[in-house]
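[1] Provided below for reference: sequence and predicted model.
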Amino acid sequence: MPSPRALLTLVLLVSACPERPKGDTETGTEPSTGPTPGTDSESSGATVGATTSGSTGTKPVPPTTTDDTATTVAPSTTTGEGTTDDSATTVDPSDTATSTTGFKIDLPAAQWPAGLVGCNLDAPAGTMVAGITELGPFTANRAYFGWWGFDDQEKPTILFASPAADPAVEVEKKDGSTSAIYFGDIVTDPLLFGGWVGDWAANLSVRANGMVTFPRPQASIDIVELAGNWDAVDPADPPRLVGSVKGPITGPFDAVFCDKLVENIFPE
């Protein structure tokens with residue numbers, strides 16, 4: 001027969017471990033009895049965050065979160081009233097193919113230096129050139145200059161008039177019909193690019209009584225100064241070229257500007 005001490009111990013053990021009633025649920029303490037992760041269940045592709053099938057508890061699952069950095073969504077250009085928000089788009093006016101504000105045409109440039117006109121037939125003293133040509137001896141005591149221009153390639157032309165020549169006719173016709181002249185182009189750098197002053201080759205011919213000769217060797221011209229007023233029309237101080245001619249005809253000159261010798265050629 002058991003002792004009273006042993007019976008008391010048995011009663012205490014039974015009271016400390018009562019049987020769990022069927023149907024009771026302990027929140028958050030019972031491990032899941034559902035499918036082991038990595039095995040197939042009756043429903044594949046289960047949604048993250050749903051309660052695991054077969055669990056005897058109601059253990060909450062953290063909600064699904066979205067990574068906003070994964071996708072960049074362009075802002076809508078439509079307002080809540082259904083109108084377009086013009087601030088969402090920037091239009092560069094330079095990208096437009098046509099313009100309604102007018103158009104630009106590049107007109108032929110006026111003779112340069114700008115505004116220079118006039119022809120002073122009273123050439124200054126200082127021109128004394130002379131030489132022997134196939135048409136006979138040639139001398140000149142007056143000189144005039146202009147230029148021929150192609151686009152922005154202005155280069156000087158020069159005319160030496162013999163004492164008997166009529167400069168009013170010769171600057172127009174350039175043919176020596178009144179008496180002999182020495183005329184042609186100076187092969188300089190363009191005036192707009194710092195040319196003209198310097199020693200240059202020249203294509204000059206003597207013209208007299210309907211005949212033309214090109215003295216050889218070819219002449220050269222040394223321009224030492226752009227004298228006078230080149231900035232505005234000033235009859236008292238017109239533009240001048242000062243220098244000397246060398247070759248079969250040689251000597252110093254002081255040529256005055258004459259717009260009759262200006263010829264601008266405009267490319268089509």
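    Received it, and whenever you're ready, just let me know what you need.
[2] this protein: strands as residue ranges?
    For the chain, strands defined by DSSP state E occupy the ranges 129-133, 136-140, 142-150, 155-161, 181-187, 198-208, 211-213, 220-227, 240-246, 249-257, 263-265.
[3] any regions of the stretch 51-200 of the chain where pLDDT drops low?
    Where the stretch 51-200 of the chain drops to pLDDT under 70, the residues are 51-115, 151-152.
[4] can you map out the helices along it?
    167-173 (DSSP state H, counting those that start in this stretch).
[5] in JSON lines: the strands of the chain, plus distance to Cys119 and mean neighbour count.
    Yep, even glycine has a C-beta here, placed from its N, CA and C like the rest. Putting the strands of the chain into JSON lines (distance: least, C-beta to C-beta, whole Å; neighbours: other C-beta atoms under 10 Å) gives the following:
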{"stretch": "strand 129-133", "distance to Cys119": "20", "mean neighbour count": "17"}
{"stretch": "strand 136-140", "distance to Cys119": "17", "mean neighbour count": "17"}
{"stretch": "strand 142-150", "distance to Cys119": "8", "mean neighbour count": "22"}
{"stretch": "strand 155-161", "distance to Cys119": "11", "mean neighbour count": "24"}
{"stretch": "strand 181-187", "distance to Cys119": "15", "mean neighbour count": "22"}
{"stretch": "strand 198-208", "distance to Cys119": "19", "mean neighbour count": "19"}
{"stretch": "strand 211-213", "distance to Cys119": "23", "mean neighbour count": "14"}
{"stretch": "strand 220-227", "distance to Cys119": "17", "mean neighbour count": "17"}
{"stretch": "strand 240-246", "distance to Cys119": "13", "mean neighbour count": "21"}
{"stretch": "strand 249-257", "distance to Cys119": "8", "mean neighbour count": "21"}
{"stretch": "strand 263-265", "distance to Cys119": "14", "mean neighbour count": "12"}
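[6] Arg168: neighbouring residues, count only.
    Residue 168: Ala, not Arg. 11 (other C-beta atoms under 10 Å).
[7] next up, the contacts around it.
    Going by C-beta atoms under 8 Å, 6 or more residues apart in numbering, Ala168 touches Leu121.
[8] can you pull the contacts of the closest residue to Met211 other than its chain neighbours?
    Leaving aside its chain neighbours, Met211 sits nearest to Leu135 (6.0 Å; criterion: C-beta to C-beta, 6 or more residues apart in numbering). Applying C-beta under 8 Å, 6+ apart to Leu135 gives the contacts 180, 206, 208, 211, 213.
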